[in-house]
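Student: here's my sequence, what's the structure:
(chains A and B)
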There are 2 protein chains.
Amino acid sequence: MKIIHTVQELRAWRKTAGKVAFVPTMGNLHEGHLALVREAAKRADNIVVSIFVNRLQFGQGEDFDRYPRTLQQDADKLAGEGVAVIFAPDEKELYPHTEQRFNIEPPHLQNELCGKFRPGHFRGVATVVAKLFNIVCPDVACFGKKDYQQLAIIKGLVEDLNFPIEIVPVDTGRADDGLALSSRNQYLNEQERAEAPQLYQVLQSVATRLSDGNTDYVALEQNAAAELNARGWTVDYVEIRRAEDLAVARSGDKALVILAAARLGRTRLIDNLEVVL
Amino acid sequence: MKIIHTVQELRAWRKTAGKVAFVPTMGNLHEGHLALVREAAKRADNIVVSIFVNRLQFGQGEDFDRYPRTLQQDADKLAGEGVAVIFAPDEKELYPHTEQRFNIEPPHLQNELCGKFRPGHFRGVATVVAKLFNIVCPDVACFGKKDYQQLAIIKGLVEDLNFPIEIVPVDTGRADDGLALSSRNQYLNEQERAEAPQLYQVLQSVATRLSDGNTDYVALEQNAAAELNARGWTVDYVEIRRAEDLAVARSGDKALVILAAARLGRTRLIDNLEVVL
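Tutor: This next block holds a predicted model:
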């Protein structure tokens, strides 16, 4: 396994690499990331994992500075997974100018759901992913369903800008108590960690009601948010959307996804659950 | 020479094509385009010429509907030039959705010079070029200096989004009387065609004054515009910029370019001239 820090060296390696599967990450890897890597391994001989904490996708007051950087531990975790290359550029390598001049501008979905609370986040995600796609030139790229809106944005990006890349969605990894794996879970104190599975439990309860034939999406969303708020969460949103493209769900839609974002103390957690009626 | 209309067929061809040089065009080819093709031929065995009149880069009231579509004549002109593939998708092939959802947002330069008079034009250019780059996956792409601002935008796009493509600038083709070759020249009536070389003559006269040591850029620009206006043109701009990145020129800059856009009757012409002091 090579650790490559520069675009030039990555390109040189890529020339002879054959089929490549790509897993872009911000590092601080956990079992959820390793599940992405294992999916990648099914699809290509060569796996590239990028580790880059992308300033562009953090808003003011967000956790860019304290986001955990743990390259050595990440490399140790990837060592047994058949990864060919860790691509770990520094900021100057990906953003050599003081600002990124050309950006990918996603459609209105970027301002909905998480985008409403994180202005510019999905523009930053789409832009860095486009850059990484052009650097790594993968045949396949794996993205987790944990970041469901991000996955929808990336699928749209690839389709609309004709990137010759197959996007593979990977199921969310969860702790035994149901909490979705996330680097941000480590911000939780002991009590918060014990309460954190409530987010997934509420999603499951909405899913049950949908499966039972309840079609009053607005009431379901409001009740779920009220339940979380009552338990001490600060809810950004609970929304029922169409799974395919995250359009607002309408009665008659069969493939849905319930998405939620809420803060427990200072830590913002997101989760989602697909429901097929 | 194959004429390919679909992305799928182009990708299938590309898989075994080796090194590819790419010339994106809107068709209605003239000697200026053929010069691009000949530059491309020096750089790769396989040349792809795309022909696509890109609605995204035309503003309201511009000539999208009347822009000449001449695929058969274009193919005849390319037949002797060693072109491997003409890629001529229809609109539905490149824009399958009612709107392009993900766009490339260029920096402020997109709103200067021609961009001031053609809002959204360079966003549309950058977006379609990104799409075509991802479809054709060329090693090299040739762009004419006639569209100097477009060339600067494309160079920035490639650098900022890390497209693995070498951009080759190609000198402007000119008629014997100096008029820059352009598909829009055919909109000119006989009298306008006789007057059209005045645009280049004015640029040459500014270049002479710059070479003579005149550094009052604003006065040079204003005088040049006044001269064209006096001759019956409607001037959009005459500007002296830094050649490298089209930043506003400052005294001491050595590599400059004088750019102009002006209308003769209903036809808008652009031209430019590089000056090295």
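Student: ranges for the strands of the stretch 1-150 of chain A?
Tutor: Remark: strands assigned in the stretch 1-150 of chain A by DSSP state E, counting those that start in this stretch are A:2-4, A:20-25, A:46-51, A:85-87, A:103-105, A:140-144.
Student: tell me the domain boundaries of chain A?
Tutor: With domains defined by automatic domain parsing, chain A comprises A:2-170, A:183-276.
Student: end-to-end on the last one?
Tutor: This stretch, domain A:183-276, spans 29 Å end to end (CA to CA, to the nearest Å).
Student: so for that domain, mean pLDDT?
Tutor: Mean pLDDT, domain A:183-276: 97.
Student: quick one: that domain to chain centroid distance?
Tutor: Computed by CA atoms, centre = their mean, to the nearest Å, the chain-centroid distance of domain A:183-276 equals 16 Å.
Student: the longest one now?
Tutor: Between the centre of domain A:2-170 and the centre of its chain there are 9 Å (CA atoms, centre = their mean).
Student: return the residues of the stretch 101-250 of chain A in contact with chain B.
Tutor: A:101-107, A:126-127, A:130-131, A:134-135, A:137, A:156-157, A:160-164 (CB under 8 Å from any CB of the partner chain). In short, each C-beta sits where N, CA and C put it, glycine included.
Student: next step: the residues you listed restricted to helices.
Tutor: Counting by DSSP state H, those place A:126-127, A:130-131, A:134-135, A:156-157, A:160 in helices.
Student: between those, which is closest to residue A:41?
Tutor: Using CB to CB, residue A:135 is the member of those that lies nearest residue A:41, at 20.8 Å.
Student: ok, the closest one - how many residues close by?
Tutor: 25 (other CB atoms under 10 Å in any protein chain shown).
Student: tell me how far it lies from residue A:259.
Tutor: Residue A:135 sits at a distance of 30 Å from residue A:259 (criterion: CB to CB, to the nearest Å).
Student: turn the ones in helices among the residues of the stretch 101-250 of chain A next to chain B into TSV, columns for distance to residue B:77 and pLDDT.
Tutor: Putting those into TSV (distance: CB to CB, whole Å; pLDDT from 0 to 100) gives the following:
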residue	distance to residue B:77	pLDDT
A:126	39	98
A:127	38	98
A:130	35	98
A:131	37	98
A:134	32	98
A:135	37	98
A:156	37	97
A:157	36	98
A:160	32	97
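Student: want to throw these into TSV with distance to residue A:191?
Tutor: TSV is the format used below for these (distance: CB to CB, whole Å):
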residue	distance to residue A:191
A:126	36
A:127	38
A:130	41
A:131	40
A:134	45
A:135	42
A:156	39
A:157	39
A:160	44
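Student: among those, name the buried ones.
Tutor: Those of those that meet the buried threshold are A:126-127, A:130-131, A:134-135, A:156-157, A:160, by 16 or more other CB atoms under 10 Å in any protein chain shown.
Student: which one of the residues you listed is nearest residue B:42?
Tutor: Checking these against residue B:42 with CB to CB, the nearest one is residue A:134 at 24.8 Å.
Student: which residues are in contact with that closest one?
Tutor: B:161-164 (CB atoms under 8 Å, 6 or more residues apart in numbering or on different chains).
Student: next one: residue A:55
Tutor: So residue A:55 contacts A:64, A:91, A:95, A:124 (CB under 8 Å, 6+ apart).
Student: many thanks, have a good one.
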